[in-house]
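Enquirer: Need a 3D model of the sequence below.
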Amino acid sequence: MSLEDCVREAGSIGAFGVEIIPEQSMTRYPNPGDEFYRVWDEWMEKYGTTTVATDLFLDTKRYPGRVMTLAEMTGSVRKDLDIAKRMGAKFVRAIINTPPEVMEDCAPYAERLGLKLLLEVHAPFHYEHPWILRHLEVMHRLQSPALGFMPDMGTFVERFPRVMSERALRDGARPKFVELAVETYNNRGDVHGLMDTFNYMGANPVEQGIARLSTFLTWNEPRVMLEHMPLIHHIQAKFYEMTDDGSEYSIPYHKIIPVLIEGGYDGYLSSEYEGNRHIQDIVEVDSVEQVRRQHRMFQRLLGEETTLDAGATQGSGVFADGGSNVR
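Expert: Residues are numbered from 1 along each chain as shown. Coordinates of the predicted model:
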């Protein structure tokens, strides 16, 4: 699919809020030229879509033999803020490795541009993690309207994703290892001890890989977001597998959506499908259908009566990956 194809499909699903990764989708990033912006604006008008968020990466190892200085990091983030402003976005995802000092230095610039610079809370990080607490200290001390969070719903993986465990089996993992990894994760066991356990059991590299993968998945009670809701302005709605019954296999959105409503969240849920990479060895992936199914689920959980099959619906919003309003 071309970039325009992605925008068109988002609109057809009824997901009118588009999130884009400029570094991935822009030719000649970070300086795509006026023509790119002109065409992008035309697409937004043509397909009835709106640029809601952009995602920045911080390539701290861009230069051989050293990491970026804080000043260089700040300069890089400011370039991404300029892109977001030109595209008409309101929110900018700061990747998790963005230092709190850089967020603090960029806050006044983001304020002047009328943007919110949001740190992605991504698994295995969580709100009590020391790194997140450092960011919270900056946010509470500055009280800047430009700083906040963009939670990734991959922090609420209640059970081990089936697409991952089945892929491990296809790649050569023995059932007893896969079953132990899934059982340990689902029962909230010691996933960090799995690699040692697997090593003692004579695990092969694929089996060691699924043990390591289990440490990158996290389950947190969704209500942990309530305390931080004033700082949450956009959400990346991670998902791995939309099943035929209209639910997500691993992430309990039926528990998440009520928490967002209770907390007064009035932003977007931006579809982020990551199951594709785990099934592409056996099937031709239909990511559009998976995103469409997720938005059907959103509609059902939000009590909307119309269906996405019937065409675009007001109140829905995608991450060239995805988004849907929680209003």
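Enquirer: burial of residue 143, as a residue count?
Expert: 8 (other CB atoms under 10 Å). C-beta here means a position set from N, CA and C on the backbone, and glycine is covered the same way.
Enquirer: just residue 155 next, same as before
Expert: 22.
Enquirer: My read is that it contacts residue 121, right?
Expert: Yes. Applying CB atoms under 8 Å, one finds residue 155 in contact with residue 121, separated by 6.3 Å.
Enquirer: Now do the helices in the stretch 51-200 of the chain.
Expert: For the stretch 51-200 of the chain, the helices defined by DSSP state H, counting those that start in this stretch occupy 70-87, 100-113, 130-142, 162-170, 175-186, 194-200.
Enquirer: Render the CA-only coordinates of the longest one in PDB, please.
Expert: What follows is helix 70-87 as a C-alpha-only set of coordinates in PDB (Å, rounded to 0.1, in the frame of the first residue of the first chain):
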ATOM      1  CA  LEU A  70      21.500  16.600  25.100                       C
ATOM      2  CA  ALA A  71      21.700  19.700  22.900                       C
ATOM      3  CA  GLU A  72      21.700  17.500  19.700                       C
ATOM      4  CA  MET A  73      18.700  15.500  21.100                       C
ATOM      5  CA  THR A  74      16.800  18.700  21.800                       C
ATOM      6  CA  GLY A  75      17.500  20.000  18.300                       C
ATOM      7  CA  SER A  76      16.300  16.700  16.800                       C
ATOM      8  CA  VAL A  77      13.100  16.800  18.700                       C
ATOM      9  CA  ARG A  78      12.500  20.400  17.700                       C
ATOM     10  CA  LYS A  79      12.700  19.400  14.100                       C
ATOM     11  CA  ASP A  80      10.000  16.800  14.700                       C
ATOM     12  CA  LEU A  81       7.800  19.400  16.500                       C
ATOM     13  CA  ASP A  82       8.100  21.600  13.400                       C
ATOM     14  CA  ILE A  83       7.000  18.800  11.200                       C
ATOM     15  CA  ALA A  84       4.000  18.100  13.400                       C
ATOM     16  CA  LYS A  85       3.000  21.800  13.400                       C
ATOM     17  CA  ARG A  86       3.200  21.900   9.600                       C
ATOM     18  CA  MET A  87       1.100  18.800   9.200                       C
END
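Enquirer: Please list all residues in contact with the closest residue to residue 111 other than its chain neighbours.
Expert: Spatial nearest neighbour of residue 111, chain neighbours left out: residue 146 (4.5 Å); criterion: CB to CB, 6 or more residues apart in numbering. Neighbouring residues of residue 146 by CB atoms under 8 Å, 6 or more residues apart in numbering: 106-108, 110-111, 115-117.
Enquirer: try residue 225
Expert: By CB under 8 Å, 6+ apart, residue 225 lies in contact with 151, 232, 259-260, 263.
Enquirer: any idea how far residue 150 is from it?
Expert: Residue 225 is 12 Å from residue 150, where distance means CB to CB, to the nearest Å.
Enquirer: For this protein, which residue occupies the most central location?
Expert: Nearest to the geometric centre of the chain sits residue 236, at 3.7 Å (CA atoms, centre = their mean).
Enquirer: residues near residue 13, how many?
Expert: Residue 13 has 27 neighbours, counted by other CB under 10 Å.
Enquirer: now the helices of the stretch 51-200 of the chain in JSON lines, with mean pLDDT, mean neighbour count and distance to residue 31?
Expert: Shown next, in JSON lines, are the helices of the stretch 51-200 of the chain (pLDDT from 0 to 100; neighbours: other CB atoms under 10 Å; distance: least, CB to CB, whole Å):
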{"stretch": "helix 70-87", "mean pLDDT": "98", "mean neighbour count": "18", "distance to residue 31": "9"}
{"stretch": "helix 100-113", "mean pLDDT": "98", "mean neighbour count": "18", "distance to residue 31": "18"}
{"stretch": "helix 130-142", "mean pLDDT": "98", "mean neighbour count": "15", "distance to residue 31": "29"}
{"stretch": "helix 162-170", "mean pLDDT": "98", "mean neighbour count": "18", "distance to residue 31": "38"}
{"stretch": "helix 175-186", "mean pLDDT": "98", "mean neighbour count": "18", "distance to residue 31": "44"}
{"stretch": "helix 194-200", "mean pLDDT": "96", "mean neighbour count": "16", "distance to residue 31": "44"}
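Enquirer: quick revisit: residues shared between the contacts of residue 225 and residue 150?
Expert: In contact with both residue 225 and residue 150: residue 232, using CB under 8 Å, 6+ apart.
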